[in-house]
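1. need a structure here:
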Amino acid sequence: MFLNAFEEIQMTESDVNKFLGSAYDEIYAEGLAKGKTYGYTGIYAESFARGYVKGYAEGYAKGIAEGRKEMAIDIAREMKESGSDINYIAKVTGLSEQEIKEL
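-> The predicted model follows:
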């Protein structure tokens, strides 16, 4: 059917093959270039997104942990200054006795 359309416009099979050959080569080259670009950028973008999410989650968790530690230190410092027992401060804040002594 495809060849019949070309026959109607009086193209020989040789002309069709030449036409399709160059078109195929051009389309193939364009597809290859786009595929390489997408393969590189697609993988890069996907990796970046995964890394971003992982980094954000880890950073967020670390920030919360550091914030809680700072809060425990502030509470321990105030309790120590007000004369509370170090063992009691350690129990309330979760800090070690050594950390409280160093405040």
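
2. Scan the protein for its longest helix.
-> Ranked by residue count and defined by DSSP state H, the top helix of the chain is helix 13-81.

3. I'd like the next helix or strand past it.
-> Using DSSP states H and E, the next helix or strand after helix 13-81 towards the C-terminus is helix 86-93.

4. what does that following helix rub up against?
-> Ala72, Ile73, Ile75, Ala76, Met79, Lys80, Leu95, Ser96, Glu97, Ile100, Lys101 (C-beta atoms under 8 Å, 6 or more residues apart in numbering). Using the backbone N, CA and C atoms, a C-beta is placed for each residue, glycine as well.

5. isn't the fourth one right up against Leu103?
-> The reference is to Ala76. Yes: the criterion here is C-beta atoms under 8 Å, and Ala76 meets it with Leu103 at 6.0 Å.

6. Just say helix, strand or coil for Leu95.
-> What DSSP: H, G, I helix; E, B strand; the rest coil gives for Leu95 is coil.

7. can you start the count at 580 instead of 1 from here on
-> Sure, I'll start numbering at 580, so the last one becomes Leu674.

8. Next, give phi and psi for it.
-> phi -80, psi 160 (degrees, to the nearest 10).

9. what's the burial count for it?
-> 20 (other C-beta atoms under 10 Å).

10. Please consider this matter closed, and thank you.
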